[in-house]
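[1] requesting a structural model of the entry that follows:
(2 chains)
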Amino acid sequence: MNKKILPAVPTDPLAILHDALVASIGFGLRKSFKSKEKIDASLFTTPPNPAMGDIAVPCFTLSKSLKTSPAVIATTLADTLNAILSDSNTFSYEKGASTASGAPISLLSRFEAAGPYLNVFLDPRGVAKLVLEATTNTHYGTRALKKKHRVVLEFVSPNTNKPLHLGHVRNGLLGESIARIMEANGHEIHRTAVINDRGVHICKSMVAYMEKGADSKTAILPTPESTHTKGDHFVGEYYVAFEKHIKKDPSWNSLAQECLQKWEEGDAKIRALWTAMNEWTLAGHQETYIRLGIRFDSFILESDIFASGRKMILDGLKKKIFKKDATGNIIAPLEKKGMPDKIVLRADGTTVYATQDIALAVTRQKELKADETFYVVMNEQNLYLKQLFTILSLMKYPWAKTLHHISYGMVHLPEGRMKSREGTSVDADNLLDALEDMAIKEVGARYDTLSREEIEERAQAIAFAAIAYYMLEVNPNSDLLYNPKESLSFQGRTGPYLLYTYARICSIVRKGDGAHALADFSHYDWISEKTIVTLLASYPSVVAQAGMETSPAIVARYLFDLAQALNDYYHHTPVIQAPTEERTARLALLYTASIILKQGLTLLCITPLEHM
RNA sequence: GCUCCUGUAGUUCAACGGAUAGAACACGGGUUUGCGGAACCCGUGAUCUAGGUUCGAUUCCUAGCGGGAGCACCA
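    You can find the predicted model right below:
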């Protein structure tokens, strides 16, 4: 039998530290106050100033049950615990007190009361040992759940009439990053996109293509191949041409309606064109996904599901879940739930967005049996998604409560607001191209010995890191002002700065010639390394928190803090030139940091380079 | 009109109801015969207004002022 083996090495140093602290405070409370009170680790904070301590324990909540002022509690506990620490024979931590080898280690060095706070100073030697051992486990920062949570993540979901724009980039990066973070937290993710491949907007590109596409002399219709145009851009040009044309000549609008009518009737010629144009667009989108490091497990075509939605709505009407309004539209009554009613099927029997979203949710749940489903959709749709989820619960689907909306804000550019319907959208490919061009110039200017290929490879990585980090560093909720130039800078909180730090650490580790192997570092003080050690210790909890809050920004900010600490460190502390003991210990730390940096960047969809 | 979101340095972003509100950019000053100076260090600078809740409010509540979005058979 395959016995389940627990990891020999603890994987969350911060949790172990907290356990040790909870245990010792519990001990102190018993000894000094004869109280069986326990302190909750979630109360722990970080002191405003590192000189004050590494972990702060606020004593406000204890003061109620002990009927003593918080300041007195802090002072008393500090005295009691310091006395115990100095006499190691009388005290052992109740939990997490030993390493894999079973040897006791000291994690806490001393306590200090500061007003109502009990501040704790960690022992850098103990923590370093914990961290270095934990990170030799290749799964550091990831959790394995006994039973995998099945999560469906729906994101991007584009139309097939134009290329992806800047908003899709944020959506895609958010979705992919959240997927990776959830995977690190032990979930099984199904990535899916819903393709809006039918409706009048698609017909608009088709009409323009039929009316204007053909060569005036040869009457031959162009294709993406014949014009050497990326498929989605090719189709998008006709969509733009349509919008332009109707400003002068609105008659095309009725052509588009006719086209839609024919499509609904299954007109062979229209269907064939529709299929071709959709394929062009989707092939183009696929190229952009690859550029963005996104992959999907499934694509759902709206044209495949909208008809089944109609049946579900009519069924719901029979069951009196829905009702007809004065004009004959079928509506879901939501006023009692504090929302406006929602039309779910038009009077003439044609479907609306909600029709297919209902059908989609039902069939998808049937097939994938998700424990939870997340929709990554812009905050403009907050009300709509709330309505959708409520409708599904009115339809008595028990899984309706497992649906969640990950809402994100609009992306602006310094020049002003961008929105696709107003024709001011910024095309994703063009933007990426522009960023790469800018990066190529920089790299080329700095490293003239590189080949053209190498320059392009680095520039590509830098450009992508720039946009990905910039988009993910902000909380999903808020609107975002994307400044391309700033994102490419190596100064400040940027992707390139993180790449630079990673490459530079790699360079130092390389020069160390593999001398970073784990050794017994217990006699080394780790004082100048303490900030980094503490940051590395908190990585697993950062990943866990980012997963709980579905927020890559938490990882992004953590990585910047780490990078900053590392830059500071190797600027002031010699590594390669240091005496053997220090050298080995420092290399071990940098090597560990490089692994965490790389892992963290991967969670943000960024692949770091070892040379740049 | 109704609903939701939002208001923090000049700018872009942080801060489970906790200590002196953190960063980054910009601005001013400094660091290299050192492992990659695309770096590092120092400095100036902010909670929209008025009440309330409590030991304590950027955070919660109320009102006002400002910004964004939604409330259509639009996708």
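
[2] the stretch 301-450 of chain A: helices as residue ranges?
    Remark: helices assigned in the stretch 301-450 of chain A by DSSP state H, counting those that start in this stretch are A:302-318, A:353-368, A:382-394, A:428-446.

[3] could those go into JSON lines alongside mean pLDDT, mean neighbour count and distance to A:Ile508?
    (Each C-beta comes from the backbone N, C-alpha and C, glycine too.) JSON lines is the format used below for those (pLDDT from 0 to 100; neighbours: other CB atoms under 10 Å; distance: least, CB to CB, whole Å):
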{"stretch": "helix A:302-318", "mean pLDDT": "93", "mean neighbour count": "17", "distance to A:Ile508": "52"}
{"stretch": "helix A:353-368", "mean pLDDT": "95", "mean neighbour count": "19", "distance to A:Ile508": "46"}
{"stretch": "helix A:382-394", "mean pLDDT": "96", "mean neighbour count": "18", "distance to A:Ile508": "48"}
{"stretch": "helix A:428-446", "mean pLDDT": "92", "mean neighbour count": "16", "distance to A:Ile508": "20"}
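
[4] make a markdown table from the ones you listed and add distance to A:Arg198 to it.
    Shown next, in a markdown table, are those (distance: least, CB to CB, whole Å):
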| stretch | distance to A:Arg198 |
| --- | --- |
| helix A:302-318 | 4 |
| helix A:353-368 | 9 |
| helix A:382-394 | 19 |
| helix A:428-446 | 23 |
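
[5] of these, which is nearest A:Thr550?
    Closest to A:Thr550 of the helices of the stretch 301-450 of chain A, according to CB to CB: helix A:382-394, at 14.6 Å.

[6] any idea how far the closest one is from the chain center?
    Between the centre of helix A:382-394 and the centre of its chain there are 24 Å (CA atoms, centre = their mean, to the nearest Å).

[7] and that helix, what does it pack against?
    If you count contacts as 3 or more CB pairs under 8 Å, 6 or more residues apart in numbering; DSSP states H and E, helix A:382-394 packs onto strand A:330-332, strand A:342-345, helix A:353-368, strand A:403-408.

[8] among the ones you listed, which is nearest A:Trp263?
    Within these, the stretch nearest A:Trp263 is helix A:353-368; the backing value is 15.2 Å (CB to CB).

[9] can you dump the C-alpha atoms of the closest one in PDB for me?
    Output of helix A:353-368 as PDB, limited to C-alpha atoms (Å, rounded to 0.1, in the frame of the first residue of the first chain):
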ATOM      1  CA  TYR A 353     -27.900  37.600 -22.900                       C
ATOM      2  CA  ALA A 354     -29.500  36.300 -19.700                       C
ATOM      3  CA  THR A 355     -31.100  33.400 -21.600                       C
ATOM      4  CA  GLN A 356     -27.800  31.900 -22.700                       C
ATOM      5  CA  ASP A 357     -26.000  32.700 -19.400                       C
ATOM      6  CA  ILE A 358     -28.700  30.700 -17.600                       C
ATOM      7  CA  ALA A 359     -28.400  27.800 -20.000                       C
ATOM      8  CA  LEU A 360     -24.600  28.000 -19.800                       C
ATOM      9  CA  ALA A 361     -24.500  27.900 -16.100                       C
ATOM     10  CA  VAL A 362     -26.900  24.900 -15.900                       C
ATOM     11  CA  THR A 363     -25.200  22.800 -18.600                       C
ATOM     12  CA  ARG A 364     -21.700  23.600 -17.300                       C
ATOM     13  CA  GLN A 365     -22.600  22.700 -13.800                       C
ATOM     14  CA  LYS A 366     -24.000  19.400 -15.100                       C
ATOM     15  CA  GLU A 367     -20.900  18.600 -17.000                       C
ATOM     16  CA  LEU A 368     -18.100  19.800 -14.700                       C
END
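
[10] for RNA strand B, give me its nearest residue in the stretch 351-500 of chain A.
    Of all residues in the stretch 351-500 of chain A, A:Gly492 sits closest to RNA strand B, at 2.3 Å by CB to the nearest atom of the strand.
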